[in-house]
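Student: got a predicted structure plus its sequence, pasted below:
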Amino acid sequence: MKILYLADKEGFNQKHFDKFSGSLTRGQSIVIYDPDKPDEPQFEGVGFVMDPGGAFGTVERIDAAKAANVALWQVTTTGLDDVNLAYFIEKGMTLAHSPGTLSAVPLAEHALMWILSFAKNVVSNNLSRISKEHSDVPFFGIDTPRVICQEMEGLTLGLIGFGASARELARRAWPLGMRIMAIDVIEFPQEDLDEFHVEFLGKPSDIDTVLSNSDYVSLHLHLNSKTRHIMSAHEFEMMKQSAVLINIARGALVDEVALVQALRTGDIRGAGLDVFEEEPPPTDHPLLEMENVLTTAHSAAYTPQTQERRLIHAAENADRVARGLSALGVVESLYL
């Protein structure tokens, strides 16, 4: 089977290409896409398209793939923000992505980092900061300006979405003594709820119940028309004033204007954000300047292990297509 490996004028990541090609088991031939050449001839005879960043699916390329009877278009991302999903579905071009299970662990670890950072007031209690702002106060004395910390026992974690990363976060939060609440569009069997110690699993309409009872609210949703701005002014009003928002999913799940307002007025205590509506965010974005906001640059799932798992998964799908088997992680709906 012929594989077309998509690339732009800047080329491609050689290490990723080597991992993908080295993980193939059926001796498929791989051709590197040349952006300076016409599309249609490059897609002729191709059975599998490898889209390493998920952003190469232009209308013209999708049309060329469909005309060439390509069996599968594989993206290595989990989120499909940069994928013209509606056009893939309209054209009947089969698309597969990397399942959330492949990045669930680092996402959960990142969310837990935010939770512990706020619980222990890492920013306010940073010794270098205290020493600069209160140089006349002796370290570790009774008068040292410290902010009281939280113990995790009895705090409630609210999971908005109960997919793979949410379940991995629940798995790590429960041993710390946290109570687990969640909402999801899927009804999970009781054995799953027992495994992850979920005390309450509601429907999306139960979001206010989860928000009003949670000390930490963590988002674990795909971005689509139904989930965009799922956290807005009303939702922040429903949260405890002592609560913290965690977002390691997609930036546009949150109405950032409403979030800034909620943080400024004290409707919520803080936010830990790995993602933004616009990436990279403007350098003067208010969320980057607020002391009650901790941020990272969409790096939660950026680990060598995750990259490797995604490339191996893509190679496995190429092998499955070559053998006439159904691909894994096929996207069948706009509302993934």
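Tutor: The structure has been received and is ready for your questions.

Student: from here on, just use CA atoms for contacts and neighbour counts.
Tutor: OK.

Student: show me the helices in the protein, by range?
Tutor: With helices called from DSSP state H, the chain shows them at 14-23, 39-43, 59-67, 85-91, 104-119, 127-133, 164-173, 190-195, 207-213, 233-238, 256-265, 304-322.

Student: confidence-wise, which of those is weakest overall?
Tutor: Lowest mean pLDDT of the helices of the chain: helix 127-133, a mean of 56.

Student: list the buried ones in stretch 210-229?
Tutor: By neighbour count on 16 or more other CA atoms under 10 Å, the buried set for stretch 210-229 is 210-224, 228-229.

Student: from M50, how far out is the residue positioned nearest the centre of the chain?
Tutor: Centroid-nearest residue in the chain, with CA atoms, centre = their mean: A249, separated by 3.3 Å. Computed as CA to CA, to the nearest Å, the A249 to M50 distance reads 24 Å.

Student: dump the residue contacts of A271.
Tutor: Taking CA atoms under 8 Å, 6 or more residues apart in numbering as the criterion, A271 is in contact with V244, L245, I246, N247, N292, V293, L294.

Student: farthest pair in those?
Tutor: Greatest spacing in those, by CA to CA: N247 and N292 (14.3 Å).

Student: those two: who's more crowded?
Tutor: Just comparing N247 and N292: by other CA atoms under 10 Å the higher neighbour count belongs to N247, 25 against 19.

Student: which residues sit in contact with that one?
Tutor: A111, S218, L219, H220, A271, G272, L273, D274, V275.

Student: hmm, try it at 6 Å
Tutor: S218, L219, L273 (CA atoms under 6 Å, 6 or more residues apart in numbering).

Student: run through the bridge partners of it.
Tutor: Judged by DSSP bridges, the bridge partners of N247 are L219, L273.

Student: burial of M239, as a residue count?
Tutor: Residues near M239, counting by other CA under 10 Å: 25.

Student: thought it was touching T209?
Tutor: No - contact criterion CA atoms under 6 Å: M239 and T209 do not qualify, at 9.4 Å.

Student: what pLDDT does D82 get?
Tutor: pLDDT, D82: 86.

Student: now do G11
Tutor: 82.

Student: for it, give the beta-bridge partners.
Tutor: G11 has the following beta-bridge partners by DSSP bridges: D8.

Student: could you measure from it over to D34?
Tutor: 9 Å.

Student: more crowded one of these two?
Tutor: Comparing G11 with D34 by other CA under 10 Å, the one with more neighbours is D34, at 16 against 12.

Student: quick one on the thing from earlier: next up, the contacts around the residue nearest to the centre of the chain.
Tutor: H220.

Student: the chain should start at 131 in everything you say after this.
Tutor: Sounds good: first residue 131 from here, last item A379.

Student: give me the phi and psi for it.
Tutor: phi -100, psi -90 (degrees, to the nearest 10).

Student: re the thing from before, Throw the helices of the chain into JSON lines and include distance to H415, thanks.
Tutor: JSON lines is the format used below for the helices of the chain (distance: least, CA to CA, whole Å):
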{"stretch": "helix 144-153", "distance to H415": "33"}
{"stretch": "helix 169-173", "distance to H415": "40"}
{"stretch": "helix 189-197", "distance to H415": "33"}
{"stretch": "helix 215-221", "distance to H415": "30"}
{"stretch": "helix 234-249", "distance to H415": "20"}
{"stretch": "helix 257-263", "distance to H415": "23"}
{"stretch": "helix 294-303", "distance to H415": "28"}
{"stretch": "helix 320-325", "distance to H415": "39"}
{"stretch": "helix 337-343", "distance to H415": "26"}
{"stretch": "helix 363-368", "distance to H415": "19"}
{"stretch": "helix 386-395", "distance to H415": "10"}
{"stretch": "helix 434-452", "distance to H415": "29"}
